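Trainee: Build me a model:
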Amino acid sequence: MLNIKSVEEQTGITKQNIRYYEKKGLLSVKRNEENSYREYDDEDIRTLKIIKLLRKLDMPIEEIRKVLAEEISLSKAINTQKEYLEKEREKLQDAISFCDKVEPNTLSSLDIDKYLAAMEREEKNGSVFADIIEDFKKMAQAEAVCAFSFRPDTMCMNPAEFTEELLKYAEDNHLSIFITKESMYPEFELNGIAYTAYREFGRFGANIVCKAKDADKIKPKDVSGKRTILYSIFKTLFPIMVIALPIYLAFMPKTGITEIFLLIYIIVLAGGFVLYNRLKK
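Mentor: Here you go, the predicted structure:
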C-alpha cells in the first residue's frame, strides 16, 4: 500500500489533482480503518496513469469517468476525441497547408521573399488589415492571460475549497495547473504562468480573480505602441457606441446632417463588429 506522496512520485500527478480525480469519481481509494488515511494499491496507480494518458489527449473529465466506469468503450471515447481534435486541427489548416508549401531547404537556401509574397497573397481582407487584426488578437489574448475571473460553485470558505475550484476551472478548460501555495490567497501555475488569486464578492456571490505575477512578460513585444493605443481606444469606445446608438436614434432630430452622421456611425459600428468577431476567433 502507498501513501499519496509515493503515488505522486510514481505517476507524476500532483496530490491536488489526485484528490480532485477522487472527488470526480474517477478513482475510489480504500482507507485504513485505524487512521482513515488513504491507501493506494497497484490498481489505483494504473487507473491514475490511464487518466493521465487520456488527459494528455485532451479528453474531458466526464468522458474519462465514463470510460473507467465502462459506460462507454475506450475505442468509442478515443474515436470521439479524435473527431474533436480533427475539428480543432481544421482551425489551423491554413497554417498547416502553408507549411506543406515550404520546401525542405536549408535556412541559407530558403527563398524567403518567395514565401512571404505567397503568404501575403493568401491573407484575407488585405495584408494591412490582416496585420492589424493579428496585433489586436495578440493584445486581446495577452489581456485574457494576464487577468481573468470566474464564478466558483462554492463560496471558497477555506483553502481546500479554493484549491478545488482552481483545479475544477483548469480541468473544465483543459489547462495544466500546479498549486504552489494553498491559502485564501493561493499561488499557482497555469500552463506554466505564475498566478495569484483572491475572492471578490458582488451582488451575485463570489468571483475568483486570478492575476499573473509578471504581466509585463506576457504582453506582446512585437505590437507597436500606436496599435496598442488604438486597441485600448477601440476596447473603451466600442461598447459606448453600441449603447449610445439607440439613445441617439430616440432623441436626436431627423435632419439631413443627422442622417449623414448616422450613416457614418453605422459604417464604423459595422467595422467594429467585424473586428470584434475576428478578435474572438
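
Trainee: what about the chain, any weak spots by pLDDT?
Mentor: Scanning the chain with the threshold set as pLDDT under 70 gives 91-92, 94-96, 98, 104-108, 110, 112, 116, 119-140, 220-281.

Trainee: Mind jotting down where the strands sit in it?
Mentor: Per DSSP state E, the chain carries strands over the ranges 30-31, 38-39, 147-150, 177-181, 187-190, 193-202, 205-212.

Trainee: Name the surrounding residues that touch the second one.
Mentor: Strand 38-39 is contacted by residues 1-4, 29-32 when judged by CB atoms under 8 Å, 6 or more residues apart in numbering. C-betas here are computed from N, CA, C, even on glycine.

Trainee: Those, buried ones only, as a ChimeraX selection?
Mentor: Here is the ChimeraX command that selects the buried residues among these (16 or more other CB atoms under 10 Å):
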select :2,4,29
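
Trainee: can you tell me which of the contacts of strand 38-39 are in helices?
Mentor: Judged by DSSP state H, the contacts of strand 38-39 include Ile4 as members of helices.

Trainee: Which residue ranges of the chain form helices?
Mentor: 4-11, 15-23, 42-56, 61-68, 74-90, 93-101, 112-122, 127-146, 159-172, 215-218, 225-251, 256-280.

Trainee: Ok, which of the strands of the chain comes nearest Leu53?
Mentor: strand 177-181 (18.0 Å; CB to CB).

Trainee: Give me the helices and strands touching that closest one, please.
Mentor: Helices and strands touching strand 177-181, by 3 or more CB pairs under 8 Å, 6 or more residues apart in numbering; DSSP states H and E, are helix 159-172, strand 187-190.

Trainee: Show me the one of those that comes nearest Phe150.
Mentor: helix 159-172 (5.5 Å).

Trainee: Flag every buried residue along the closest one.
Mentor: Buried-residue list, helix 159-172, by 16+ other CB under 10 Å: 162-171.

Trainee: Other residues contacting it?
Mentor: Residues contacting helix 159-172 (CB under 8 Å, 6+ apart): 16-17, 20, 23-24, 61, 150, 152-156, 175-177, 179, 182-184, 186, 188, 190, 197, 199, 208.

Trainee: Which of the contacts of strand 38-39 sits closest to Lys66?
Mentor: Val29 (19.6 Å).

Trainee: measure the residue lying closest to that closest one once chain neighbours are set aside to Asp216 for me?
Mentor: Among residues not flanking Val29 along the chain, Arg38 sits closest, at 4.7 Å (CB to CB, 6 or more residues apart in numbering). When distances are taken as CB to CB, to the nearest Å, Arg38 and Asp216 turn out to be 42 Å apart.

Trainee: do the same with Cys210
Mentor: Using CB to CB, one gets 17 Å for the distance from Cys210 to Asp216.

Trainee: Looking at these two, which one has more neighbours?
Mentor: Cys210 (20 against 8; other CB atoms under 10 Å).

Trainee: Next one: the more buried one from Cys146, what distance?
Mentor: Distance of Cys210 to Cys146, given as CB to CB: 10 Å.

Trainee: What of Ala69?
Mentor: When distance is defined by CB to CB, Ala69 is 39 Å away from Cys146.

Trainee: more crowded one of those two?
Mentor: Comparing Ala69 with Cys146 by other CB under 10 Å, the one with more neighbours is Cys146, at 18 against 10.

Trainee: So Leu68 is in contact with Leu26, correct?
Mentor: Yes - contact criterion CB atoms under 8 Å: Leu68 and Leu26 qualify, at 5.8 Å.

Trainee: shared neighbours, the two?
Mentor: Common neighbours of Leu68 and Leu26 (CB under 8 Å, 6+ apart) are 47, 51.

Trainee: who's more crowded, those two?
Mentor: Counted by other CB under 10 Å, Leu68 and Leu26 do not tie: Leu26 has more neighbours, with 21 against 18.
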